[in-house]
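**Student:** Quick one, what's the 3D model for this:
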Amino acid sequence: MFPPELQPRAFRPHISSSVSAPSFPTTSYNGDQNPNPSPSSSSSSFYYGSTNSRRSSSIKNSRFSPSSFFHNARIAIALVPCAVFLLDLGGTPVVATLTVGLMIAYILDSINFNSGSFFAVWFALIFAQIAFFFSSSLSLTFNSISLALLAALTCALANFLIGVWVSLQFKWIQIEYPTIVIALERLLFACVPLIALTLFTWAVVSAVGMVNAAYYVMVFNCGFYWLYSIPRISSFKSKQDVSYHGGEVPEDNLILGQLESCVHTLNLLFFPLCFHIASHYSIIFSSATALCDLFLLFFIPFLFQLYASTRGALWWITKNEHQLHSIRIVNGAVALVVVIICLEVRVVFHSFGRYIHVPPPLNYLLVTITMLGGAAAAGAYALGMISDALSSLAFTALAVIVSAAGAIVVGFPILFLPLPSVAGFYLARFFTKKSLSSYFAFVVLGSLMVTWFVMHNYWDLNIWMAGMSLKSFCKLIVGSVVLAMAVPGLALLPPKLHFLTEAGLIGHALLLCYVENQFFNYSNVYYHGMDDDVMYPSYMVALTTLVGLAVVRRLMVDNRIGPKSVWVLLCLYFSKLSMLFMPSKAVLWVSAVLLLAVSPPLLLYKDKSRTASKMKPWQGYAHACVVAMSVWFCRETIFEALQWWNGRPPSDGLLLGSCILLMGLACIPIVALHFSHVMSAKRCLVLVLATGVLFILMQPPIPVSWTYHSDLIRSARQSADDISIYGFMASKPTWPSWLLIAVILLTLAAVTSIIPIKYIVELRTFYSIAMGVALGIYISAEYFLQAAILHTLIIVTMVCTSVFVVFTHLPSASSTKILPWVFALIVALFPVTYLLEGQVRINKSIVGEIGIGDLGEEDNKVATLLAVEGARTSLLGLYAAIFMLIALEIKFELASLMREKVVERGGLRHGQSGQNSSASVPPRLRFMQQRRASIVPTFTIKRMAAEGAWMPAVGNVATVMCFAICLILNVHLTGGSNRAIFFLAPILLLLNQDSDFFAGFGDKQRYFPVTVAISVYLAMTAIYSMWEDVWHGNTGWGMDIGGPDWLFVVKNLALLILTFPSHIVFNRFVWSYNKQTDSMPLLIIPLNLPSVIITDIIKIKILGLLGVIYSLAQYLISRQQYISGLKYI
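**Tutor:** Numbering: from 1, shown residues only. Predicted structure coming up:
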């Protein structure tokens, strides 16, 4: 048996006999077979074909077909955890390096520079690996140089495989280098199991230790073998136009070859054993248990290999199905006997010996009969060997014997021994006769035996476990087992009775959640560091969750349960995982409630039409209300989660913001999947999410009447240890944060048209004034707490700024006359506010100094001057932001105006043709055009040209003032940093062409102010540095008689002058873009080299480096223009 996509048609009767359906042949060539049969045998000729046809079909089958890589999910299972593990080992340097590299790759890919993006990814991985070598402490971890080098090599290979995986995502590589892509795919499938196995084992051993490390290796090895070693067709081979012979898949179309498959098989069989011998070589023969470990680590993978051969895993040995079946039967029988015997010694008698009530040596015999007979019966049924009356009789007899022997082993009374025998008979009859009544008879009898076993062993014990008595726990266990046995039979009932299956599954899931929540989150279990003796480990929670999800998926695929039960079961099983992250007894049920409230839009509306809303409006409102109620119900758990994350009780603002944000996130599926066409729903959702984020960031004070403090929250906030642990923290007034929240929310409401300021001028005026007042009060209360008159000026400034920005973006009929005066008022308020701030503070300080001594007076003056300096710096920053905002708004409006002018001219030019073709415009598009024409403000393009000529001049003034203020801030804050000019000069890109200041300035010269500003700033600061270093306030003897200071000035001034030619030539080129001789930029490069090498001033050195870069850039740009001109000609 092979994978479904590789099975021959004879084994797939439900699939049409298409020539494109690939499969392995079921027979192989032997020595007595004729590879060229006679034409008389039509069937043989069809299957085998002639040598020429086989050669031609092989060529066709090997044909490359560019397509997407189909196995991304399969590769991600191994490489994504490996990447996370490597990032954890490397730390911040690796993350930072990789982030920068991937950002560069993304930018290059966004501009369609595919090769550059490819190399950027690889260089990012290379530099990240270099950073990993320097940041990780592998030598300290392993205390061995050889192991550290081996670990570093493994990490490098994993990094290389990640790069190979990323390379397969580039389509241009598939087109240009098809053979390399196929080789990379084979390399990935061949190496990923080996490298991922090493890193997975490394991670698990680091967490849980080396005691059972070989078994972890065995589990990972089997999983990776199943994922990557089962034969699969390459993603890059043509499958549509290939003519397969008899359903045979050519070996060239498989990803792995015979060599790789052989290596994977050897790794599966021998690596866990070798790993165990290497790590436990001193005790491998110390006991029978240790010896059984050796046999288990070899024969369990061997059994897995034999099972995998049913999916084609041993295709590289033989393709004869009869031979493979013989191999499975003979080797499987031997391996099964060895595994059963070793499990008896290693597990049964070692861990469950107290439940065996038969004296030796009879106990060994009965346990062997039970385990070996049960395993043999299950294996025979799985391999399809129970097919006739004789085999059915043997299967039934074996089931009866195994049931009776197992009952005797656990001490079942001899008088009632027919009970388990009859149960085994009915179970065998169910498998052989498909009798549903027999299965339910087995469930009834099996439930009785389970009940007896529990009562016989545990019922009389007076023990309390995890807060419950042992008798209560026994009841839960018996109920869970009975439901687990009944569900398979219920699933086979007619569709009308599937509700019984759903009820059984949900009941079992609820019991499982309750039991695991009791045992896993019981506080006494982990008290005083008893982590080694935990009653219910974490891996059991994950294991039961995965098994439950697998069962639900299988029953859903087979249509055994409905979508509503699938929804409930998925929510219950996924909620169990929350226990692994937060130790709280309520987190499981809270997570279940939240998932039940959030998931219906994802799971319950799949069968309706995709063209319209799958959910009716009233259903959307109902689900949103349910989400809000669920979040309110879970507020205490949200409080506990925030307290666990922050280490202290959260504030009311943080708690409320988290609840609002959670409500918004939970409503995203409702809006995105069912009401994506309703703009009001999207806008409201954005406001809700923004409100939650703002509450979390700002944490405003919440009135007591708005809050609900339960006993849990109140006790957490009234802890007497808070001050002793965290210290006394002075509270700062946070009420202004409400104003900032209101400003941001109002801005979002206006942008999303919830507030219709676009159409109502009066509302626009009130909105802009309210925004300015709120923002002015916030800034005054948060940063300037001294004078009321200063608060008034700041509020007036913010109101003027708000009015200017709003009415520039949405102009009215009279705004063109008023806005220049509003801007003039802002400019006039700048020096007044700046000077008044210091004067008022100094006057208050002088008044408050009466009666204070000289020493206190001096200290007060110093503190006042420092406060004035800090407040004035804040004012400079405020006005720089205001002027930047105004310049950006005007730049945006002018760009939009020019774009509309181009559209208008194009419309006039094609007006006549447009009239002729207007009938062909779709009705919806014609309606949108009419609607847009009806809502265009009265401030039209022609009126803008006549009355809005002030905008470029205002934008230039705002840009220049912003740039000047930023230079002043650079001097105050950084002392005149050289690097700051490279971040400040791009502000000049906001300059516009006007009729007053920049008449000849256009879009072609937009980079000229930036380059000139950088050159002039560095030259001026270099001259100032020379003056500051030499004069020091007096000339000294050096300048009088030609000492070293004179030589310093002359040398650096000459070197500064040598940098001028490159800057002058490049700035002229940036202004005009006129082509000059190609030799000019290259000839003046040497003039900058002495400035780079000899100078003593760093600014001159930067000018020299810039001169070299400018010259090279000018040469390359001119060269590119020349080549482009030749291509155009």
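**Student:** Surely residue 70 is in a helix?
**Tutor:** No. Residue 70: not assigned to a helix; according to DSSP: H, G, I helix; E, B strand; the rest coil it is coil.
**Student:** so who does it touch?
**Tutor:** Residue 70 makes contacts with residue 235, as judged by Cβ atoms under 8 Å, 6 or more residues apart in numbering. C-beta: built from backbone N, CA, C; applies to glycine.
**Student:** pLDDT weak spots in the stretch 701-850 of the chain?
**Tutor:** 703-734, 785-788, 837-850 (pLDDT under 70).
**Student:** for it, what spans make up the strands?
**Tutor:** In order along the chain, the stretch 701-850 of the chain carries no strands (DSSP state E, counting those that start in this stretch).
**Student:** From residue 645, how far out is residue 371?
**Tutor:** 48 Å (Cβ to Cβ, to the nearest Å).
**Student:** Tell me which of those two has more neighbours.
**Tutor:** For residue 371 versus residue 645, the count of surrounding residues by other Cβ atoms under 10 Å is larger for residue 371: 22 against 10.
**Student:** which residue sits closest to that one in space, ignoring its chain neighbours?
**Tutor:** residue 340 (4.9 Å; Cβ to Cβ, 6 or more residues apart in numbering).
**Student:** Could you pull out the buried residues of stretch 101-109?
**Tutor:** Across stretch 101-109, burial judged by 16 or more other Cβ atoms under 10 Å covers 101-102, 104-105, 108-109.
**Student:** Pull stretch 421-432 out as PDB, backbone CA atoms only.
**Tutor:** Taking Å, rounded to 0.1, in the frame of the first residue of the first chain, the C-alpha atoms of stretch 421-432 are listed here in PDB:
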ATOM      1  CA  SER A 421     -14.600 -13.700  27.900                       C
ATOM      2  CA  VAL A 422     -18.000 -12.700  26.600                       C
ATOM      3  CA  ALA A 423     -16.900  -9.100  26.300                       C
ATOM      4  CA  GLY A 424     -13.900 -10.200  24.200                       C
ATOM      5  CA  PHE A 425     -16.200 -12.400  22.000                       C
ATOM      6  CA  TYR A 426     -18.600  -9.500  21.300                       C
ATOM      7  CA  LEU A 427     -15.700  -7.200  20.500                       C
ATOM      8  CA  ALA A 428     -14.200  -9.700  18.000                       C
ATOM      9  CA  ARG A 429     -17.700 -10.300  16.500                       C
ATOM     10  CA  PHE A 430     -18.000  -6.600  16.000                       C
ATOM     11  CA  PHE A 431     -14.800  -6.500  14.000                       C
ATOM     12  CA  THR A 432     -15.500  -9.600  12.000                       C
END
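**Student:** now, which of the buried residues of stretch 101-109 lie within helices?
**Tutor:** 101-102, 104-105, 108-109 (DSSP state H).
**Student:** Go through these and say which is closest to residue 454.
**Tutor:** residue 102 (56.7 Å; Cβ to Cβ).
**Student:** Roughly how far does the closest one sit from residue 122?
**Tutor:** 11 Å.
**Student:** just residue 137 next, same as before
**Tutor:** Counting by Cβ to Cβ, the gap from residue 137 to residue 122 is 26 Å.
**Student:** got it, and residue 212?
**Tutor:** 39 Å.
**Student:** Check residue 341 too.
**Tutor:** Distance from residue 341 to residue 122, by Cβ to Cβ: 53 Å.
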